[in-house]
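> Generate a structure from the sequence data that follows.
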Amino acid sequence: MFAPAYYNGQSGYGLWNWSQARTFNSWMNSSDFTHDQAFVTLQQRNGANLIDAVGGNGLVWGNSQNQPGTRIWGWPAEPPYNGEVPYYCDGDTFAWGGSDAALTCSMNGGASGGPWLKDRIDANLGYVFAVTSRRTTSGTPTLLSTPNSADVKTMFDLMTT
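As a prediction, the model looks like this:
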């Protein structure tokens with residue numbers, strides 16, 4: 001189930017059932033963080049597609065690890081958070097390790113899968129260039145993600161054909 005605009009136990013747009021999910025074999029078989037992405041297709045609800053009912057962000061790929069003006073959304077669930085309300089962090093991402101982008105942010109477990117938005121049109125709408133994969137476990141809390149590659153675009157295309 002997907003609950004758009006989830007906030008304190010309520011979805012502003014009802015619950016949507018999924019019909020298909022896809023991720024990379026390298027993620028399933030060996031937790032390859034460079035392929036920690038997935039797509040889910042949702043069934044229509046009351047004769048409408050999700051994007052027509054609530055809108056949606058664009059998808060981009062091939063971007064660098066350094067993105068100014070990024071907003072990361074998540075529903076962190078470990079204390080001091082409770083997983084019931086969304087949070088976001090804003091800032092400029094920077095390169096971390098071999099292929100990851102990073103942004104200093106205190107969100108924790110439960111924030112995984114949250115979109116990293118660039119070229120925002122407004123506070124909540126932009127282009128997803130990455131999704132939260134994990135966070136550092138020591139030092140300054142930092143979220144990590146590998147920016148979407150052409151492989152992510154190929155997987156997306158397979159979901160929509």
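> for stretch 109-128, which positions count as buried?
Using 16 or more other CB atoms under 10 Å as the test for burial, stretch 109-128 gives 110, 111, 112, 113, 114, 115, 116, 117, 118, 126, 127, 128. From N, CA and C alone the C-beta is placed, and that goes for glycine too.
> Which two among the residues you listed are spaced furthest apart?
110 and 127 (23.4 Å; CB to CB).
> So for stretch 66-74, what gets flagged as buried?
67, 70, 71, 72, 73, 74.
> And residue 24, how far from residue 68?
Noted for residue 24: a distance of 28 Å to residue 68, by CB to CB, to the nearest Å.
> and if you look at residue 122?
17 Å.
> Which of the three states applies to residue 41?
Three-state call for residue 41 (DSSP: H, G, I helix; E, B strand; the rest coil): strand.
> The residue lying closest to residue 61 once chain neighbours are set aside: helix or strand, and which one exactly?
Setting aside the residues directly before and after it, residue 61 is nearest to residue 148 in space (CB to CB, 6 or more residues apart in numbering), at 4.0 Å. Following DSSP states H and E, there is no helix or strand that holds residue 148.
> next one: residue 29
Assigned by DSSP H and E, residue 29 falls in helix 25-30.
> any residues touching that helix, and which ones?
By CB atoms under 8 Å, 6 or more residues apart in numbering, the surrounding residues in contact with helix 25-30 are 32, 34, 35, 36, 37, 38.
> Name the residues linked to the last one by a beta bridge.
Per DSSP bridges, the residues bridged to residue 38 are residue 23.
> My guess is it contacts residue 112. True?
No. If you go by CB atoms under 8 Å, residue 38 and residue 112 don't touch, sitting 10.7 Å apart.
> Need the three-state assignment for residue 103.
Three-state call for residue 103 (three-state DSSP): strand.
> ok, now how distant is it from residue 63?
Where residue 63 is concerned, residue 103 sits at a distance of 14 Å (CB to CB).
> ditto for residue 5
Taking CB to CB as the measure, residue 5 falls 27 Å from residue 63.
> between those two, who's got more neighbours?
residue 63 (18 against 12; other CB atoms under 10 Å).
> So which bits of the longest helix anywhere in the chain are buried?
Criterion DSSP state H: the longest helix present in the chain is helix 150-160. Within helix 150-160, the residues that qualify as buried by neighbour count (16+ other CB under 10 Å) are 152, 155, 156.
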